[in-house]
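> Quick one: sequence plus predicted model below, questions after.
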Amino acid sequence: MAQTSSDTPLYDLFVIGAGSGGVRCARIAAQHGASVGIAESRHWGGTCVNLGCVPKKLMVYASEYPDMIDDAVAYGWDAAHGEHDWTRLIDAKDREIERLNGIYVKMLGKAGVALHTGRATINGVDADGIFSLEIGPSPLAPDAAPQSVRARRVVIATGSHPVRPPIAGAEHAIVSDDAFHLPQRPERVCIVGSGYIGVEFASIFAGLESHVDLVYRQDRPLRGFDDELRTHLAEMLPGRGIVAHPKASPVEIAQDGEGYRVVLDNGGVIETDCVFLATGRKPNIGGLGLEALGVALPDGRIAVDEASQTNRPGLYAIGDVTDRHNLTPTAIAEGHILAEHLFGEKQRAWSFDTTPKAVFFTPALASCGLTEDEAAAGDDIEIFSTSFTPLRQTISGRETKVFMKLVVRARDQVVVGAHMIGGDAAEVMQAVAICITGGLTKHDFDRTIGIHPTSAEELVTMRSPTRHVPQRGAAS
(Lines give C-alpha, C1' and ligand atoms only; values in the text may rest on other atoms or scores of the structure.)
Protein backbone atom coordinates (compact mmCIF):
# COMPACT_ATOMS: atom_id res chain seq x y z
CA MET A 1 0.00 0.00 0.00
CA ALA A 2 1.47 3.32 -1.06
CA GLN A 3 1.65 6.28 1.33
CA THR A 4 1.23 9.98 0.65
CA SER A 5 3.42 12.61 2.22
CA SER A 6 0.85 12.95 5.00
CA ASP A 7 0.89 9.17 5.59
CA THR A 8 -2.72 8.86 4.45
CA PRO A 9 -3.10 5.38 2.93
CA LEU A 10 -3.35 5.33 -0.87
CA TYR A 11 -4.99 2.23 -2.31
CA ASP A 12 -5.20 1.01 -5.89
CA LEU A 13 -8.80 0.09 -5.10
CA PHE A 14 -11.12 0.95 -2.26
CA VAL A 15 -14.44 -0.90 -1.88
CA ILE A 16 -17.33 0.60 0.07
CA GLY A 17 -19.49 -2.25 1.34
CA ALA A 18 -18.42 -5.74 2.42
CA GLY A 19 -21.35 -7.72 1.12
CA SER A 20 -21.04 -10.61 -1.30
CA GLY A 21 -20.16 -8.45 -4.32
CA GLY A 22 -17.80 -6.10 -2.52
CA VAL A 23 -15.92 -8.91 -0.78
CA ARG A 24 -15.42 -10.82 -4.02
CA CYS A 25 -14.22 -7.69 -5.85
CA ALA A 26 -11.77 -6.78 -3.09
CA ARG A 27 -10.43 -10.30 -2.69
CA ILE A 28 -9.86 -10.95 -6.42
CA ALA A 29 -8.26 -7.55 -6.92
CA ALA A 30 -5.86 -8.21 -4.03
CA GLN A 31 -5.01 -11.62 -5.43
CA HIS A 32 -3.97 -9.88 -8.65
CA GLY A 33 -1.50 -7.73 -6.73
CA ALA A 34 -3.54 -4.57 -6.16
CA SER A 35 -3.43 -2.74 -2.84
CA VAL A 36 -7.02 -2.91 -1.63
CA GLY A 37 -9.00 -1.46 1.24
CA ILE A 38 -12.60 -2.14 2.15
CA ALA A 39 -15.04 -0.45 4.52
CA GLU A 40 -18.14 -1.92 6.15
CA SER A 41 -20.55 0.05 8.31
CA ARG A 42 -23.02 -2.58 9.49
CA HIS A 43 -22.42 -6.28 8.82
CA TRP A 44 -19.40 -8.10 7.41
CA GLY A 45 -20.94 -10.30 4.72
CA GLY A 46 -23.74 -7.86 3.86
CA THR A 47 -27.46 -8.46 3.56
CA CYS A 48 -27.31 -12.00 2.16
CA VAL A 49 -25.32 -13.42 5.06
CA ASN A 50 -26.91 -11.39 7.85
CA LEU A 51 -30.44 -10.35 6.89
CA GLY A 52 -31.24 -12.24 3.71
CA CYS A 53 -30.56 -15.46 1.86
CA VAL A 54 -28.66 -17.43 4.50
CA PRO A 55 -30.72 -16.83 7.67
CA LYS A 56 -33.92 -16.99 5.63
CA LYS A 57 -32.97 -20.40 4.23
CA LEU A 58 -32.25 -21.64 7.76
CA MET A 59 -35.74 -20.52 8.74
CA VAL A 60 -37.17 -22.28 5.68
CA TYR A 61 -35.56 -25.50 6.89
CA ALA A 62 -37.14 -25.01 10.32
CA SER A 63 -40.57 -24.49 8.78
CA GLU A 64 -40.42 -27.74 6.80
CA TYR A 65 -40.16 -30.10 9.78
CA PRO A 66 -43.89 -30.20 10.68
CA ASP A 67 -44.68 -31.58 7.20
CA MET A 68 -41.85 -34.09 7.56
CA ILE A 69 -43.25 -35.27 10.87
CA ASP A 70 -46.73 -35.69 9.38
CA ASP A 71 -45.32 -37.62 6.43
CA ALA A 72 -43.22 -39.80 8.72
CA VAL A 73 -46.40 -41.12 10.37
CA ALA A 74 -47.70 -42.27 6.98
CA TYR A 75 -44.43 -44.14 6.49
CA GLY A 76 -44.80 -46.04 9.75
CA TRP A 77 -42.93 -43.85 12.20
CA ASP A 78 -44.37 -43.11 15.62
CA ALA A 79 -43.94 -39.33 15.48
CA ALA A 80 -45.83 -36.34 16.82
CA HIS A 81 -45.52 -32.57 16.83
CA GLY A 82 -44.05 -30.85 19.83
CA GLU A 83 -43.95 -27.13 20.54
CA HIS A 84 -41.63 -25.06 18.40
CA ASP A 85 -39.07 -23.02 20.34
CA TRP A 86 -38.67 -19.77 18.39
CA THR A 87 -35.92 -18.48 20.69
CA ARG A 88 -33.84 -21.60 20.17
CA LEU A 89 -34.15 -21.23 16.39
CA ILE A 90 -33.12 -17.56 16.44
CA ASP A 91 -30.18 -18.26 18.76
CA ALA A 92 -28.95 -21.09 16.51
CA LYS A 93 -29.36 -18.86 13.45
CA ASP A 94 -27.40 -16.07 15.12
CA ARG A 95 -24.51 -18.41 15.99
CA GLU A 96 -24.25 -19.53 12.39
CA ILE A 97 -24.33 -15.96 11.10
CA GLU A 98 -21.60 -14.97 13.56
CA ARG A 99 -19.49 -17.87 12.27
CA LEU A 100 -19.99 -16.72 8.67
CA ASN A 101 -19.08 -13.13 9.60
CA GLY A 102 -15.77 -14.43 10.88
CA ILE A 103 -15.16 -16.39 7.68
CA TYR A 104 -15.65 -13.27 5.54
CA VAL A 105 -13.22 -11.28 7.67
CA LYS A 106 -10.63 -14.07 7.54
CA MET A 107 -10.97 -14.43 3.76
CA LEU A 108 -10.31 -10.73 3.25
CA GLY A 109 -7.39 -10.69 5.65
CA LYS A 110 -5.84 -13.76 4.07
CA ALA A 111 -6.05 -12.09 0.64
CA GLY A 112 -4.22 -9.04 1.99
CA VAL A 113 -7.19 -6.64 2.00
CA ALA A 114 -7.05 -3.84 4.58
CA LEU A 115 -10.25 -3.77 6.64
CA HIS A 116 -11.84 -0.50 7.79
CA THR A 117 -14.88 -0.62 10.06
CA GLY A 118 -17.12 2.42 9.66
CA ARG A 119 -19.19 4.48 7.25
CA ALA A 120 -17.22 5.65 4.21
CA THR A 121 -17.91 8.90 2.40
CA ILE A 122 -16.23 10.15 -0.76
CA ASN A 123 -15.09 13.70 -0.08
CA GLY A 124 -13.77 14.50 -3.53
CA VAL A 125 -11.32 13.73 -6.32
CA ASP A 126 -8.17 15.67 -7.16
CA ALA A 127 -6.72 16.71 -10.52
CA ASP A 128 -4.87 13.40 -10.81
CA GLY A 129 -8.09 11.42 -10.36
CA ILE A 130 -7.27 10.32 -6.81
CA PHE A 131 -10.33 9.95 -4.57
CA SER A 132 -10.27 11.11 -0.98
CA LEU A 133 -12.51 9.30 1.51
CA GLU A 134 -13.34 9.59 5.17
CA ILE A 135 -14.43 6.64 7.28
CA GLY A 136 -16.51 7.68 10.27
CA PRO A 137 -18.54 6.05 13.05
CA SER A 138 -21.26 3.57 12.09
CA PRO A 139 -23.61 1.05 13.76
CA LEU A 140 -20.80 -1.51 13.60
CA ALA A 141 -18.27 0.92 15.13
CA PRO A 142 -20.17 3.73 16.87
CA ASP A 143 -17.12 5.05 18.75
CA ALA A 144 -14.57 4.73 15.97
CA ALA A 145 -12.25 7.67 15.35
CA PRO A 146 -12.49 9.10 11.80
CA GLN A 147 -9.97 7.78 9.29
CA SER A 148 -8.84 9.28 5.99
CA VAL A 149 -7.84 7.19 2.99
CA ARG A 150 -7.19 7.83 -0.69
CA ALA A 151 -7.76 5.57 -3.67
CA ARG A 152 -7.10 5.50 -7.40
CA ARG A 153 -10.37 3.66 -7.94
CA VAL A 154 -13.48 3.27 -5.79
CA VAL A 155 -16.23 0.64 -5.95
CA ILE A 156 -19.65 1.25 -4.44
CA ALA A 157 -21.13 -2.05 -3.22
CA THR A 158 -23.44 -0.91 -0.43
CA GLY A 159 -26.48 -3.00 -1.35
CA SER A 160 -30.09 -2.07 -0.68
CA HIS A 161 -32.62 -1.70 2.13
CA PRO A 162 -36.32 -2.56 2.56
CA VAL A 163 -38.80 0.28 2.11
CA ARG A 164 -42.16 1.06 3.66
CA PRO A 165 -45.03 2.16 1.43
CA PRO A 166 -46.59 5.55 2.20
CA ILE A 167 -49.68 4.31 4.04
CA ALA A 168 -51.18 5.44 7.32
CA GLY A 169 -49.76 3.49 10.24
CA ALA A 170 -46.80 2.00 8.34
CA GLU A 171 -44.66 2.66 11.41
CA HIS A 172 -46.51 -0.15 13.20
CA ALA A 173 -45.22 -2.71 10.70
CA ILE A 174 -41.96 -4.61 10.47
CA VAL A 175 -39.79 -5.11 7.38
CA SER A 176 -37.61 -8.06 6.45
CA ASP A 177 -34.62 -6.85 8.49
CA ASP A 178 -36.78 -7.01 11.62
CA ALA A 179 -38.16 -10.50 10.96
CA PHE A 180 -34.86 -12.17 11.81
CA HIS A 181 -34.87 -10.78 15.35
CA LEU A 182 -38.48 -10.93 16.52
CA PRO A 183 -38.55 -11.74 20.25
CA GLN A 184 -41.28 -14.33 19.64
CA ARG A 185 -43.17 -15.86 16.75
CA PRO A 186 -46.45 -14.04 16.13
CA GLU A 187 -49.53 -16.26 16.09
CA ARG A 188 -51.04 -14.16 13.30
CA VAL A 189 -49.02 -12.48 10.53
CA CYS A 190 -50.25 -10.25 7.72
CA ILE A 191 -47.63 -10.05 4.97
CA VAL A 192 -47.99 -7.30 2.36
CA GLY A 193 -46.25 -8.03 -0.94
CA SER A 194 -45.76 -11.19 -2.98
CA GLY A 195 -42.25 -11.00 -4.34
CA TYR A 196 -39.44 -13.27 -3.20
CA ILE A 197 -39.48 -11.99 0.39
CA GLY A 198 -43.25 -11.96 0.87
CA VAL A 199 -43.80 -15.44 -0.55
CA GLU A 200 -40.88 -17.00 1.31
CA PHE A 201 -41.77 -15.54 4.69
CA ALA A 202 -45.44 -16.43 4.19
CA SER A 203 -44.34 -20.04 3.78
CA ILE A 204 -41.94 -19.84 6.74
CA PHE A 205 -44.51 -18.51 9.19
CA ALA A 206 -47.23 -20.85 7.91
CA GLY A 207 -44.88 -23.81 8.33
CA LEU A 208 -44.17 -22.72 11.89
CA GLU A 209 -47.95 -22.78 12.39
CA SER A 210 -48.75 -19.07 12.45
CA HIS A 211 -51.93 -17.92 10.72
CA VAL A 212 -50.77 -16.07 7.60
CA ASP A 213 -52.62 -13.53 5.44
CA LEU A 214 -50.82 -12.61 2.21
CA VAL A 215 -51.92 -9.34 0.61
CA TYR A 216 -50.78 -8.40 -2.91
CA ARG A 217 -51.81 -6.03 -5.71
CA GLN A 218 -51.54 -8.47 -8.61
CA ASP A 219 -53.93 -11.29 -9.42
CA ARG A 220 -51.15 -13.82 -8.67
CA PRO A 221 -47.92 -13.77 -6.66
CA LEU A 222 -44.38 -13.35 -8.03
CA ARG A 223 -44.75 -10.72 -10.74
CA GLY A 224 -42.08 -11.22 -13.39
CA PHE A 225 -42.05 -15.02 -13.20
CA ASP A 226 -43.65 -17.27 -15.81
CA ASP A 227 -47.43 -16.86 -15.71
CA GLU A 228 -48.11 -20.58 -15.54
CA LEU A 229 -45.69 -20.95 -12.65
CA ARG A 230 -47.45 -18.08 -10.88
CA THR A 231 -50.82 -19.76 -11.37
CA HIS A 232 -49.58 -23.00 -9.84
CA LEU A 233 -48.17 -21.11 -6.87
CA ALA A 234 -51.47 -19.26 -6.32
CA GLU A 235 -53.28 -22.60 -6.28
CA MET A 236 -50.82 -23.94 -3.68
CA LEU A 237 -51.24 -21.15 -1.13
CA PRO A 238 -54.34 -22.58 0.63
CA GLY A 239 -52.68 -25.97 0.97
CA ARG A 240 -49.79 -24.30 2.76
CA GLY A 241 -52.26 -22.66 5.13
CA ILE A 242 -51.90 -19.18 3.63
CA VAL A 243 -54.97 -16.98 3.14
CA ALA A 244 -54.47 -15.01 -0.06
CA HIS A 245 -55.85 -11.51 -0.66
CA PRO A 246 -55.13 -10.82 -4.36
CA LYS A 247 -55.82 -7.49 -6.06
CA ALA A 248 -55.70 -5.70 -2.71
CA SER A 249 -53.51 -3.13 -1.00
CA PRO A 250 -53.49 -1.82 2.57
CA VAL A 251 -54.65 1.75 3.10
CA GLU A 252 -54.27 1.84 6.87
CA ILE A 253 -52.60 -0.06 9.69
CA ALA A 254 -54.10 0.71 13.09
CA GLN A 255 -53.21 -0.58 16.52
CA ASP A 256 -56.03 -2.58 18.10
CA GLY A 257 -55.24 -3.59 21.67
CA GLU A 258 -52.20 -5.82 21.52
CA GLY A 259 -52.72 -6.47 17.82
CA TYR A 260 -53.37 -4.55 14.61
CA ARG A 261 -56.15 -3.97 12.07
CA VAL A 262 -55.14 -3.79 8.41
CA VAL A 263 -57.71 -2.01 6.27
CA LEU A 264 -57.61 -2.94 2.58
CA ASP A 265 -58.65 -0.84 -0.41
CA ASN A 266 -61.29 -3.45 -1.32
CA GLY A 267 -63.06 -2.90 2.01
CA GLY A 268 -61.60 -5.94 3.73
CA VAL A 269 -60.16 -5.83 7.23
CA ILE A 270 -57.51 -8.21 8.60
CA GLU A 271 -56.89 -8.62 12.33
CA THR A 272 -53.35 -9.69 13.08
CA ASP A 273 -50.53 -9.68 15.63
CA CYS A 274 -47.81 -8.60 13.19
CA VAL A 275 -47.83 -6.66 9.93
CA PHE A 276 -44.86 -7.48 7.69
CA LEU A 277 -44.20 -5.11 4.78
CA ALA A 278 -42.42 -6.89 1.92
CA THR A 279 -43.02 -4.19 -0.66
CA GLY A 280 -39.62 -3.75 -2.23
CA ARG A 281 -36.09 -2.49 -1.64
CA LYS A 282 -34.09 0.58 -2.67
CA PRO A 283 -30.34 1.07 -3.23
CA ASN A 284 -28.25 2.30 -0.30
CA ILE A 285 -26.74 5.42 -1.86
CA GLY A 286 -27.38 8.10 0.77
CA GLY A 287 -24.44 9.77 2.49
CA LEU A 288 -21.79 8.47 0.08
CA GLY A 289 -21.01 11.87 -1.42
CA LEU A 290 -22.15 10.87 -4.91
CA GLU A 291 -24.25 13.96 -5.61
CA ALA A 292 -21.31 16.30 -5.04
CA LEU A 293 -19.29 14.29 -7.56
CA GLY A 294 -22.04 14.63 -10.16
CA VAL A 295 -22.67 10.89 -10.35
CA ALA A 296 -25.76 10.01 -12.42
CA LEU A 297 -28.48 8.61 -10.14
CA PRO A 298 -31.56 7.92 -12.30
CA ASP A 299 -34.55 6.63 -10.34
CA GLY A 300 -32.49 6.45 -7.17
CA ARG A 301 -29.91 3.98 -8.49
CA ILE A 302 -26.33 4.35 -9.68
CA ALA A 303 -26.08 4.36 -13.46
CA VAL A 304 -23.16 2.31 -14.82
CA ASP A 305 -21.87 1.14 -18.19
CA GLU A 306 -21.08 -2.43 -19.24
CA ALA A 307 -17.82 -2.25 -17.28
CA SER A 308 -19.71 -1.19 -14.10
CA GLN A 309 -18.17 2.32 -14.30
CA THR A 310 -20.23 5.38 -13.45
CA ASN A 311 -20.08 8.63 -15.39
CA ARG A 312 -17.25 9.63 -13.03
CA PRO A 313 -14.01 7.97 -14.28
CA GLY A 314 -12.51 5.62 -11.72
CA LEU A 315 -15.75 5.25 -9.77
CA TYR A 316 -17.59 1.94 -10.13
CA ALA A 317 -20.72 0.34 -8.71
CA ILE A 318 -21.86 -3.27 -8.44
CA GLY A 319 -24.75 -5.21 -6.92
CA ASP A 320 -28.09 -3.86 -5.74
CA VAL A 321 -27.03 -0.20 -5.90
CA THR A 322 -27.24 -0.43 -9.69
CA ASP A 323 -30.66 -2.12 -9.62
CA ARG A 324 -29.72 -4.41 -12.52
CA HIS A 325 -29.99 -8.03 -11.35
CA ASN A 326 -30.27 -7.78 -7.56
CA LEU A 327 -29.25 -11.32 -6.68
CA THR A 328 -26.30 -12.41 -4.55
CA PRO A 329 -24.68 -14.59 -7.26
CA THR A 330 -24.92 -11.80 -9.85
CA ALA A 331 -23.33 -9.31 -7.44
CA ILE A 332 -20.51 -11.79 -6.87
CA ALA A 333 -20.07 -12.21 -10.63
CA GLU A 334 -20.06 -8.43 -11.18
CA GLY A 335 -17.42 -7.98 -8.49
CA HIS A 336 -15.23 -10.73 -9.90
CA ILE A 337 -15.53 -9.43 -13.46
CA LEU A 338 -14.69 -5.89 -12.38
CA ALA A 339 -11.61 -6.94 -10.39
CA GLU A 340 -10.27 -8.95 -13.31
CA HIS A 341 -11.06 -6.12 -15.73
CA LEU A 342 -9.08 -3.65 -13.62
CA PHE A 343 -6.16 -5.80 -12.49
CA GLY A 344 -6.18 -9.19 -14.20
CA GLU A 345 -4.72 -10.46 -17.44
CA LYS A 346 -7.45 -12.97 -18.22
CA GLN A 347 -11.13 -12.18 -17.83
CA ARG A 348 -13.88 -14.73 -17.43
CA ALA A 349 -17.46 -14.17 -18.55
CA TRP A 350 -20.78 -14.94 -16.93
CA SER A 351 -24.12 -15.47 -18.66
CA PHE A 352 -26.35 -13.00 -16.83
CA ASP A 353 -29.23 -13.61 -19.24
CA THR A 354 -29.52 -17.21 -18.06
CA THR A 355 -29.14 -16.53 -14.34
CA PRO A 356 -31.21 -19.17 -12.54
CA LYS A 357 -33.41 -18.02 -9.68
CA ALA A 358 -35.32 -19.74 -6.92
CA VAL A 359 -38.03 -18.84 -4.45
CA PHE A 360 -37.83 -20.94 -1.29
CA PHE A 361 -41.51 -21.49 -0.76
CA THR A 362 -42.45 -24.99 0.40
CA PRO A 363 -42.20 -26.56 -2.12
CA ALA A 364 -39.60 -24.43 -3.90
CA LEU A 365 -40.02 -22.67 -7.23
CA ALA A 366 -37.16 -22.19 -9.70
CA SER A 367 -36.69 -20.68 -13.14
CA CYS A 368 -34.00 -20.13 -15.75
CA GLY A 369 -34.09 -18.29 -19.05
CA LEU A 370 -37.16 -16.88 -20.75
CA THR A 371 -40.77 -17.04 -19.61
CA GLU A 372 -43.36 -18.18 -22.12
CA ASP A 373 -44.43 -14.59 -22.83
CA GLU A 374 -40.85 -13.38 -23.23
CA ALA A 375 -39.99 -16.18 -25.64
CA ALA A 376 -43.17 -15.73 -27.70
CA ALA A 377 -42.38 -12.04 -28.16
CA GLY A 378 -39.57 -12.98 -30.53
CA ASP A 379 -40.27 -16.44 -31.97
CA ASP A 380 -42.75 -19.23 -32.48
CA ILE A 381 -42.32 -21.54 -29.51
CA GLU A 382 -43.30 -24.95 -28.22
CA ILE A 383 -44.25 -25.62 -24.62
CA PHE A 384 -43.56 -28.94 -22.92
CA SER A 385 -45.09 -29.23 -19.45
CA THR A 386 -46.18 -31.79 -16.90
CA SER A 387 -47.80 -31.87 -13.48
CA PHE A 388 -47.75 -34.96 -11.27
CA THR A 389 -47.74 -36.30 -7.73
CA PRO A 390 -44.16 -37.17 -6.70
CA LEU A 391 -43.53 -40.72 -5.53
CA ARG A 392 -42.87 -39.69 -1.92
CA GLN A 393 -46.38 -38.29 -1.63
CA THR A 394 -48.19 -41.35 -2.97
CA ILE A 395 -47.95 -42.80 0.55
CA SER A 396 -48.03 -39.61 2.63
CA GLY A 397 -51.11 -38.39 0.76
CA ARG A 398 -49.87 -34.82 0.59
CA GLU A 399 -51.67 -33.14 -2.30
CA THR A 400 -48.91 -30.79 -3.52
CA LYS A 401 -47.91 -31.59 -7.10
CA VAL A 402 -44.68 -31.09 -9.01
CA PHE A 403 -44.92 -28.83 -12.07
CA MET A 404 -42.29 -28.65 -14.81
CA LYS A 405 -42.16 -26.61 -17.99
CA LEU A 406 -39.70 -26.24 -20.86
CA VAL A 407 -39.93 -23.34 -23.33
CA VAL A 408 -38.48 -24.33 -26.70
CA ARG A 409 -37.77 -22.09 -29.69
CA ALA A 410 -39.54 -23.75 -32.59
CA ARG A 411 -37.18 -22.83 -35.45
CA ASP A 412 -34.12 -24.54 -33.98
CA GLN A 413 -35.49 -26.46 -30.97
CA VAL A 414 -33.19 -24.64 -28.53
CA VAL A 415 -34.48 -24.77 -24.94
CA VAL A 416 -34.68 -21.11 -23.94
CA GLY A 417 -36.52 -21.40 -20.63
CA ALA A 418 -37.26 -23.81 -17.80
CA HIS A 419 -39.65 -23.45 -14.86
CA MET A 420 -40.41 -25.80 -11.98
CA ILE A 421 -42.26 -26.16 -8.70
CA GLY A 422 -41.25 -29.08 -6.50
CA GLY A 423 -39.33 -30.06 -3.41
CA ASP A 424 -35.94 -30.12 -5.16
CA ALA A 425 -36.70 -27.44 -7.76
CA ALA A 426 -33.78 -25.18 -6.85
CA GLU A 427 -31.28 -28.04 -6.90
CA VAL A 428 -32.59 -29.36 -10.23
CA MET A 429 -32.67 -25.91 -11.85
CA GLN A 430 -28.99 -25.28 -11.14
CA ALA A 431 -28.13 -28.19 -13.45
CA VAL A 432 -30.77 -27.23 -16.03
CA ALA A 433 -29.27 -23.71 -16.12
CA ILE A 434 -26.05 -25.21 -17.49
CA CYS A 435 -28.05 -26.72 -20.35
CA ILE A 436 -29.80 -23.45 -21.15
CA THR A 437 -26.60 -21.42 -20.88
CA GLY A 438 -24.95 -23.91 -23.24
CA GLY A 439 -27.73 -23.53 -25.82
CA LEU A 440 -28.75 -27.19 -25.76
CA THR A 441 -31.74 -28.32 -27.78
CA LYS A 442 -34.82 -30.31 -26.95
CA HIS A 443 -33.16 -33.19 -28.83
CA ASP A 444 -30.30 -33.07 -26.30
CA PHE A 445 -32.83 -33.40 -23.48
CA ASP A 446 -34.65 -36.21 -25.31
CA ARG A 447 -31.52 -38.28 -25.88
CA THR A 448 -30.50 -38.04 -22.21
CA ILE A 449 -31.42 -41.04 -20.10
CA GLY A 450 -33.21 -40.22 -16.86
CA ILE A 451 -32.55 -41.38 -13.30
CA HIS A 452 -35.47 -43.51 -12.16
CA PRO A 453 -37.43 -43.04 -10.01
CA THR A 454 -36.97 -39.27 -9.63
CA SER A 455 -39.03 -36.20 -10.35
CA ALA A 456 -36.16 -34.73 -12.39
CA GLU A 457 -36.37 -37.53 -14.97
CA GLU A 458 -39.56 -35.92 -16.26
CA LEU A 459 -37.39 -33.20 -17.79
CA VAL A 460 -36.01 -35.73 -20.27
CA THR A 461 -39.20 -37.74 -20.88
CA MET A 462 -41.58 -34.98 -22.04
CA ARG A 463 -41.75 -35.98 -25.71
CA SER A 464 -44.85 -34.27 -27.10
CA PRO A 465 -45.48 -30.53 -26.97
CA THR A 466 -48.28 -29.42 -24.66
CA ARG A 467 -49.01 -26.60 -27.09
CA HIS A 468 -47.56 -24.51 -29.90
CA VAL A 469 -47.48 -20.75 -29.36
CA PRO A 470 -47.09 -18.46 -32.41
CA GLN A 471 -44.89 -15.39 -32.16
CA ARG A 472 -46.83 -12.61 -30.54
CA GLY A 473 -48.31 -10.43 -33.26
CA ALA A 474 -47.61 -12.99 -36.00
CA ALA A 475 -50.46 -14.15 -38.22
CA SER A 476 -52.16 -17.29 -36.95
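Right, received. Where do you want to start?

> Could you pull out the helices in the stretch 51-200 of the chain for me?
53-74, 86-111, 176-179, 196-207 (DSSP state H, counting those that start in this stretch).

> Return the distance of residue 48 relative to residue 401.
31 Å (CB to CB, to the nearest Å). The C-beta positions use only the backbone N, C-alpha and C, and glycine is treated the same way.

> whoops, residue 172 was the one
Applying CB to CB, the value for residue 172 to residue 401 is 38 Å.

> for residue 10, same thing?
Distance of residue 10 to residue 401, given as CB to CB: 60 Å.

> Which residue, other than its chain neighbours, is closest to residue 53?
Sequence neighbours aside, residue 328 is the residue nearest to residue 53 in space, at 5.7 Å (criterion: CB to CB, 6 or more residues apart in numbering).

> Let's see the pLDDT reported for that neighbour.
Per-residue pLDDT puts residue 328 at 96.

> my guess is it meets residue 54, correct?
No: using CB atoms under 8 Å, residue 328 makes no contact with residue 54, being 9.2 Å away.

> Identify the contacts common to these two.
Taking CB atoms under 8 Å, 6 or more residues apart in numbering as the contact rule, residue 328 and residue 54 both touch residue 48.

> any idea which element residue 27 lies in?
Residue 27 is located in helix 20-31, with elements delineated by DSSP states H and E.

> Residues in contact with the next helix or strand after that helix: which ones?
The helix or strand immediately downstream of helix 20-31 is strand 36-40, counting by DSSP H and E. Contact with strand 36-40 is made by 1, 9, 11-18, 22-23, 26, 29-30, 108, 111-120, 133, 135, 140, 149, 151, as judged by CB under 8 Å, 6+ apart.

> For strand 36-40, which strands pair with it and how are they oriented?
Partner strands and pairing direction for strand 36-40 (DSSP bridges) are strand 13-16 (parallel), strand 114-117 (parallel).

> Quick check: pLDDT value at residue 348.
pLDDT at residue 348 comes out at 84.

> name the element the closest residue in space to it that isn't next to it in sequence belongs to?
Among residues not flanking residue 348 along the chain, residue 340 sits closest, at 6.7 Å (CB to CB, 6+ apart). Here residue 340 sits within helix 328-343, counting by DSSP H and E.

> how about that helix: buried residues?
328-340, 342-343 (16 or more other CB atoms under 10 Å).

> Quick one: the strands in the stretch 151-300 of the chain, in order.
154-156, 160-162, 188-192, 211-215, 242-245, 250-256, 259-264, 269-272, 274-277, 281-283 (DSSP state E, counting those that start in this stretch).

> So which residues make contact with the fourth one?
Put plainly, it is strand 211-215. So strand 211-215 is contacted by 187-194, 198-199, 202, 205-206, 221, 237, 241-245, 248-250, 262, 264, 270, 272 (CB under 8 Å, 6+ apart).

> buried subset of the residues you listed?
Buried, going by 16+ other CB under 10 Å: 188-194, 198-199, 202, 205-206, 221, 237, 242, 244-245, 248-250, 262, 264, 270, 272, out of the contacts of strand 211-215.

> I would like the residues contacting the helix or strand hosting residue 316, please.
Element membership of residue 316 [criterion: DSSP H and E] is strand 315-317. For strand 315-317, the surrounding residues in contact (CB under 8 Å, 6+ apart) are 122, 131, 153-157, 293, 295, 302, 304, 307-310, 338.

> now swap in stretch 464-471 and tell me
372, 376-385, 408, 410, 476.

> switch to 7 Å and redo it
372, 376, 378-385, 476 (CB atoms under 7 Å, 6 or more residues apart in numbering).

> next one: stretch 167-177
By CB under 7 Å, 6+ apart, stretch 167-177 touches 51, 162, 164, 197, 250-255, 260, 274-278.

> and if we set it to 8 Å?
51-52, 161-164, 182, 192, 197, 201, 250-255, 260, 274-278.

> buried residues in it?
Within stretch 167-177, the residues that count as buried by 16+ other CB under 10 Å are 167, 169-170, 172-176.

> what about it, start to end distance?
End-to-end span of stretch 167-177 (CA to CA, to the nearest Å): 19 Å.

> For it, what is the distance to the chain centroid?
Here the centre of stretch 167-177 is set off from its chain's centre by 21 Å, with CA atoms, centre = their mean, to the nearest Å.

> Sort out which of the contacts of stretch 167-177 are buried, if you could.
Using 16+ other CB under 10 Å, the buried members of the contacts of stretch 167-177 are 51-52, 161-162, 192, 197, 201, 250, 253, 260, 274-278.

> Contacts only, for residue 201.
For residue 201, the contacting residues are 56, 176, 179, 189, 191, 276, 278, by CB under 8 Å, 6+ apart.

> would you list every one of the strands in the stretch 301-450 of the chain?
315-317, 357-359, 364-369, 381-388, 402-409, 415-422.

> The nearest residue to residue 338 once chain neighbours are set aside: neighbouring residues, count only.
Nearest non-adjacent residue to residue 338, counting by CB to CB, 6+ apart: residue 308, 5.0 Å away. Neighbourhood size, residue 308 [other CB atoms under 10 Å]: 25.

> ends of stretch 282-290, how far apart?
16 Å.

> gap between that stretch and the chain center?
Put simply, stretch 282-290 sits 20 Å off its chain's centre (CA atoms, centre = their mean).

> What of stretch 318-327?
For stretch 318-327, the gap between its own C-alpha mean and the chain's C-alpha mean amounts to 10 Å (CA atoms, centre = their mean).

> Give me the distance between the residue nearest to residue 348 and residue 152.
In terms of CB to CB, residue 340 sits 17 Å off from residue 152.

> for residue 460, same thing?
Distance from residue 460 to residue 152, by CB to CB: 52 Å.

> circling back to that earlier point, quick one, which of the strands paired with strand 36-40 is nearest to residue 391?
Nearest to residue 391 among the strands paired with strand 36-40 is strand 13-16 (48.2 Å), distances taken as CB to CB.

> What mean pLDDT does stretch 421-436 get?
On average, stretch 421-436 scores 97.

> ditto for stretch 15-23
97.

> What pLDDT does the model give residue 307?
Per-residue confidence at residue 307 stands at 94 (pLDDT).

> Likewise for residue 2?
45.

> which residues touch the closest residue to residue 84 other than its chain neighbours?
Nearest residue to residue 84 in three dimensions, chain neighbours excluded: residue 208, at 5.7 Å (CB to CB, 6+ apart). Neighbour list for residue 208: 62-63, 66, 84, 86, 185 [criterion: CB under 8 Å, 6+ apart].

> one more time with 7 Å
With the criterion set at CB under 7 Å, 6+ apart, residue 208 makes contact with 62-63, 84, 185.

> Make a ChimeraX selection of the buried ones in those residues.
Listed next is the ChimeraX selection for buried residues among the contacts of residue 208, using 16+ other CB under 10 Å:
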select :62,63,84,185
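
> still on that earlier bit, which residues touch the helix holding residue 340?
Residues contacting helix 328-343 (CB under 7 Å, 6+ apart): 13, 19-22, 24-25, 28-29, 32-34, 48, 53, 153, 155, 157, 307-308, 316, 318-320, 347-348, 350, 352, 355.

> change it to 8 Å
Contacts of helix 328-343 (CB under 8 Å, 6+ apart): 12-13, 19-29, 32-34, 48, 52-53, 153, 155, 157, 307-308, 316, 318-320, 324-325, 346-350, 352, 355.

> Repeat that for stretch 121-136.
10, 14, 16, 39, 116-120, 144, 146-154, 287-290, 292-293, 312-315.
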